[in-house]
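Q: heads up, no residue letters with this:
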Ligand SMILES: Nc1ncnc2c1ncn2[C@@H]1O[C@H](COP(=O)(O)OP(=O)(O)O)[C@@H](O)[C@H]1O
Ligand SMILES: Nc1ncnc2c1ncn2[C@@H]1O[C@H](COP(=O)(O)OP(=O)(O)O)[C@@H](O)[C@H]1O
Ligand SMILES: [Mg+2]
Ligand SMILES: [Mg+2]
C-alpha cells in the first residue's frame, strides 16, 4: 500500500490555489480565442477540449478567481 | 404534465461565508451536466451566491449557527435551485425585491435584482421567524443533457 | 477531548454515475478551505470517488433509485469524509477490503486499497440489506485554515 502511494505521489509541493489560478488564466484565454473563432460563446465542452482540461477542473479553477460577491462587502470590509 | 427530473442534489451547510463559494461550486458542477456556455454558468453562480449570502447575512444575521439548505434539480432544459433558511424571514416580500431596497444601510440592495436579471424566474416564500425559501429557475434551451462527467 | 469542527457539509444525491464527479468537486471545494498541496487534494478526490462509486455500483447495484449521502467535516488539521448508502451491505468487511477482492469479475478490487493508501484511516460499517458507511480520515498537518475562499 505504501508503494502505491510512493509511486503516485511525486511530492510536488505545489499549492492547490496556485494551480487553479494558472488554469483559470488558460480558460479565459481559450474562451476569448474560441469566441473569436466560432463567432459565439464556446460551451464548457469546447473549452475543455481546446485546453485539454476536464470540465470538472474548469469549474474548480473558475471559482479560484471568482470576483468578490456582495457577501464580502459586509463581512470583509 | 410534470417534467422529468434528470438529477437532483441536496446540500446542507453551516451559515459561514466560506460556504458561499462551496454552494456556488456544487451548483456549477450540477449545471455543467447540461451543455452550457461559461456565460450561463456565471449567471447561475451569481444568482446562487446572492441567494445563499442573503440566507447567511439576513436570514441568520451572520450567526454561524444556522443551516442553509440548497436543492438543485436538473431537467432536460432547465435548472431549478432552491435556497432555504430557517432564519428571521421577510416581512414584506415585494418591498424586499425592489431594486435598491435593503434593511442594511451598508449594502446595496441589488441581490434580488441580480437574481431576476440572470434567472428566468425568481419565487420567494417567507414567514417571519420561520425562514425563507428562494426558488430560482433558469431555462437552458437546447442545452441538452451531456454524457457522464465522471 | 473533542476536536472542534471548523466546517461541516452534507450532500445527498441520486445514485447515478454523473454524481461521482459532483461529489468529488464538492469535497475538493471543502478541502480547499485548508491550504493544501495538489497531491493531498488529488488523494482526497480519488478516495472520495472510490467510496462514492462503490455506493452506486455495489450498494445500489447501479440502480438510479438510491440516495447516496456524503458528510464532510473539516477540522483544524484533518478532513473526515463519510459516504453512506442504504444499499445491499457487505457480508464480510475484512474480505471486501482485501487487495484484489471483488464481487464483480469485471472490476479490479482495488477501491479499498486506494482509500487505505491515500487516507490515514478507513473505517467501514455495514449491515446486509441495510447499507454501508465508509469513514475516511486524512490528517493535513500544517495545512492550516485558509482565509475565506468565497
Ligand atoms: N433569506 C433572507 N432572510 C431574511 N431577509 C432577507 C433574505 N433575503 C433577503 N432579505 C431581505 O431583502 C432585502 C433585499 O435583499 P437584496 O436584494 O439581496 O439586497 P441586500 O442583500 O444588499 O440587502 C435584504 O436587505 C433583507 O432585508
Ligand atoms: N458500498 C458498498 N456496498 C456493498 N458492497 C460494497 C460496497 N463497497 C464495496 N463493496 C464490496 O467490496 C468489494 C471490494 O470493493 P473495492 O475494493 O472498491 O473493489 P471493486 O469496486 O473493484 O469491486 C466490492 O466488489 C463489493 O463486493
Ligand atoms: Mg443580498
Ligand atoms: Mg470499488
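A: Sure, I can see it. Worth saying up front: this structure is predicted, and the values here are computed from it rather than measured. Ligands and ions are numbered 1, 2, ... in the order given.
Q: Need the phi and psi values for residue B:71.
A: Dihedral pair for residue B:71: phi -120, psi 130, per degrees, to the nearest 10.
Q: That one: what's it in contact with?
A: Listed by C-beta atoms under 8 Å, 6 or more residues apart in numbering or on different chains, the contact set of residue B:71 reads B:8-11, B:81-82, B:84. Any C-beta I mention is one placed from the backbone N, CA and C, and that applies to glycine too.
Q: Please check the residues you listed and keep the buried ones.
A: Among those, those scoring as buried are B:8-11, B:81-82, B:84 (criterion: 16 or more other C-beta atoms under 10 Å in any protein chain shown).
Q: Show me these that map onto strands.
A: Here DSSP state E is the test, and the buried ones among the contacts of residue B:71 give B:8-11, B:81-82, B:84 as lying in strands.
Q: right, and out of the residues you listed, which lies closest to residue A:21?
A: residue B:11 (25.1 Å; C-beta to C-beta).
Q: any idea where the strands of chain A begin and end?
A: Using DSSP E, no strands are found in chain A.
Q: hmm, back to that, possible to save the contacts of residue B:71 as JSON lines with distance to ligand 3 and pLDDT?
A: JSON lines is the format used below for these (distance: C-beta to the ion, whole Å; pLDDT from 0 to 100):
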{"residue": "B:8", "distance to ligand 3": "26", "pLDDT": "97"}
{"residue": "B:9", "distance to ligand 3": "23", "pLDDT": "98"}
{"residue": "B:10", "distance to ligand 3": "23", "pLDDT": "98"}
{"residue": "B:11", "distance to ligand 3": "19", "pLDDT": "98"}
{"residue": "B:81", "distance to ligand 3": "15", "pLDDT": "98"}
{"residue": "B:82", "distance to ligand 3": "17", "pLDDT": "98"}
{"residue": "B:84", "distance to ligand 3": "16", "pLDDT": "98"}
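Q: Which single one of those is nearest to ligand 4?
A: Among the contacts of residue B:71, residue B:9 lies closest to ligand 4 (C-beta to the ion), at 21.7 Å.
Q: so what's that closest one bridging to?
A: Beta bridges link residue B:9 to residue B:72, residue C:13 when assigned by DSSP bridges.
Q: Could you pull up the residues touching it?
A: Listed by C-beta under 8 Å, 6+ apart, the contact set of residue B:9 reads B:26, B:30, B:71-72, C:11-14, C:19, C:22.
Q: wait, residue B:25 sits on residue A:61?
A: No: Residue B:25 lies out of contact with residue A:61 (C-beta atoms under 8 Å); the separation is 10.5 Å.
Q: More neighbours: these two, which one.
A: residue B:25 (27 against 20; other C-beta atoms under 10 Å in any protein chain shown).
Q: show me where chain B has helices.
A: Taking DSSP state H, the helices of chain B run over residues B:18-31, B:38-54, B:93-97, B:111-118.
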